[in-house]
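Participant: Provided below for reference: sequence and predicted model.
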Amino acid sequence: MGAKNNVTEFVLFGLFESREMQHACFAVFFLFHVLTVLGNLLVIITINASKTLKSPMYFFLSHLSFADVCYPSATIPKMIADTFVEHEIISFNGCMTQLFSAHFFGGTEIFLLTAMAYDRYVAICRPLHYTAIMDRRKCGLLAGASWLAGFLHSILQTLLTVQLPFCGPNEIDNFFCDVHPLLKLACADTYMVGLIVVANSGMISLVSFFILLISYVIILLKLRNQSSEGRHKALSTCGSHIITVLLVLMPPMFMYIRPSTTLAADKLIILFNIVMPPLLNPLIYTLRNNEAKNVMRKLFSIKKSLGEK
């Protein structure tokens, strides 16, 4: 790699060319990132501290919340720090680390959502066998498989990119190192690599989307035979999940299902994907869930009473 690689660092253009807009971004994204980390940590603490939130749904939600802390943390702190410097520079190794981390946690998030959809399918369509099917071992295997699949997806993206020759220019029109902008800079024919990227990232998003779509169609058909109370409770849980699925999967499908080209809207679309689902997931899964809200109230009341003592 060293012999054919003249590039030791990359220059990131960031979100906006205007320094005033960059400074405005600092306040907005710093606040968003703090809220994202605190919100997801609150979900993780609530689930692990509670004796009642022990169902598979909450087990997967705690894993999702952990991924939601890590996914934006791979890129957003660097972007926030760069709002104060004239030239946003990242080393070659730092660039590849950022690429790996973003795809690892982003991919894992998609696989965890698929595992959560399977859990909802079993709970609604096979309620009598639910505890036997979704036992602790099965949940652990599904969560472990989600993290392993995210790792394999990411390591493939990174290995494909790191072996490319970069001999200049080294300017990336983005706020972090992603595959498409890097393929554009490589001084080699990247057509085949671009196809593999589409097959890897794009098809994962598309296949996951169709699996989730089919599972929810089956669930909705099954709900027609349930009582109005059971239907309302199931729809509330599934509704939260469907909102998250759309937020998480639509941007990657737009970004990676097409050939290796960069569009003007790409930066804002991928930023939305990195920032909004991790920020909104704690609200989506807790504000619509009375059980989780009651546990949070109890935790806060216990802490308050301990503080008063």
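Facilitator: Sure thing, it's come through.

Participant: quick one: the strands in the stretch 51-200 of the chain?
Facilitator: Assigned by DSSP state E, counting those that start in this stretch, the stretch 51-200 of the chain shows strands spanning 88-91, 171-172.

Participant: could the ones you listed be laid out in JSON lines, adding mean neighbour count?
Facilitator: The way it works is simple: take the backbone N, C-alpha and C, and place the C-beta from them, glycine included. What follows is those, written out as JSON lines (neighbours: other Cβ atoms under 10 Å):
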{"stretch": "strand 88-91", "mean neighbour count": "16"}
{"stretch": "strand 171-172", "mean neighbour count": "18"}
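
Participant: ok, now which ones touch the closest residue to Pro282 other than its chain neighbours?
Facilitator: With Cβ to Cβ, 6 or more residues apart in numbering as the measure, Gly39 is the residue that lies nearest to Pro282, at 3.6 Å, once sequence neighbours are left out. For Gly39, the set of contacting residues under the criterion of Cβ atoms under 8 Å, 6 or more residues apart in numbering consists of Leu279, Asn281, Pro282, Leu283.

Participant: go on, Thr108?
Facilitator: If a contact means Cβ under 8 Å, 6+ apart, then Thr108 has Ala67, Ser146, Trp147, Ala149, Gly150, Phe151 as its contacts.

Participant: Any regions of the stretch 101-250 of the chain where pLDDT drops low?
Facilitator: For the stretch 101-250 of the chain, the stretches with pLDDT under 70 are 227, 229-231, 233-234, 237.

Participant: what's the single longest helix in this protein?
Facilitator: Of all the elements of type helix in the chain, the one with the most residues (DSSP state H) is helix 92-125.

Participant: and that helix, how far out from the chain's middle?
Facilitator: Taking Cα atoms, centre = their mean, to the nearest Å, one finds helix 92-125 lying 6 Å from the centre of the chain it belongs to.

Participant: Roughly how far does the residue nearest to Ile155 when sequence neighbours are not counted sit from Thr83?
Facilitator: Leaving out its chain neighbours, the residue that sits closest to Ile155 by Cβ to Cβ, 6+ apart is Phe100, at 7.1 Å. Relative to Thr83, Phe100 is positioned 24 Å away (criterion: Cβ to Cβ, to the nearest Å).

Participant: where does the most centrally placed residue in the chain sit relative to Ala123, distance-wise?
Facilitator: In the chain, the residue lying closest to the centroid (Cα atoms, centre = their mean) is Gly106, at 3.7 Å. Using Cβ to Cβ, one obtains 26 Å as the distance from Gly106 to Ala123.

Participant: and if you look at Ser205?
Facilitator: Counting by Cβ to Cβ, the gap from Ser205 to Ala123 is 25 Å.

Participant: before we move on, back to that, will you turn the strands of the stretch 51-200 of the chain into a markdown table that also has distance to Ala27?
Facilitator: Compiled in a markdown table, the strands of the stretch 51-200 of the chain are given as follows (distance: least, Cβ to Cβ, whole Å):
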| stretch | distance to Ala27 |
| --- | --- |
| strand 88-91 | 18 |
| strand 171-172 | 24 |
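
Participant: Lys184: which of these is closest?
Facilitator: Taking Cβ to Cβ as the criterion, Lys184 comes closest to strand 171-172 out of those, the separation being 8.5 Å.

Participant: Give me the sheet partners of that closest one and which way each runs.
Facilitator: Partners of strand 171-172 in the sheet, by DSSP bridges, are strand 9-12 (parallel).

Participant: Using CSV, write down the CA coordinates of the strand it pairs with.
Facilitator: Output in CSV follows, covering the C-alpha atoms of strand 9-12 (Å, rounded to 0.1, in the frame of the first residue of the first chain):
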residue,chain,number,x,y,z
GLU,A,9,-4.0,12.6,4.8
PHE,A,10,-7.3,13.8,3.4
VAL,A,11,-8.9,17.3,3.5
LEU,A,12,-12.6,17.2,4.4
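
Participant: Make residue 1 into 47 and carry on from there
Facilitator: Renumbered: residue one is now 47, and that last one reads strand 55-58.
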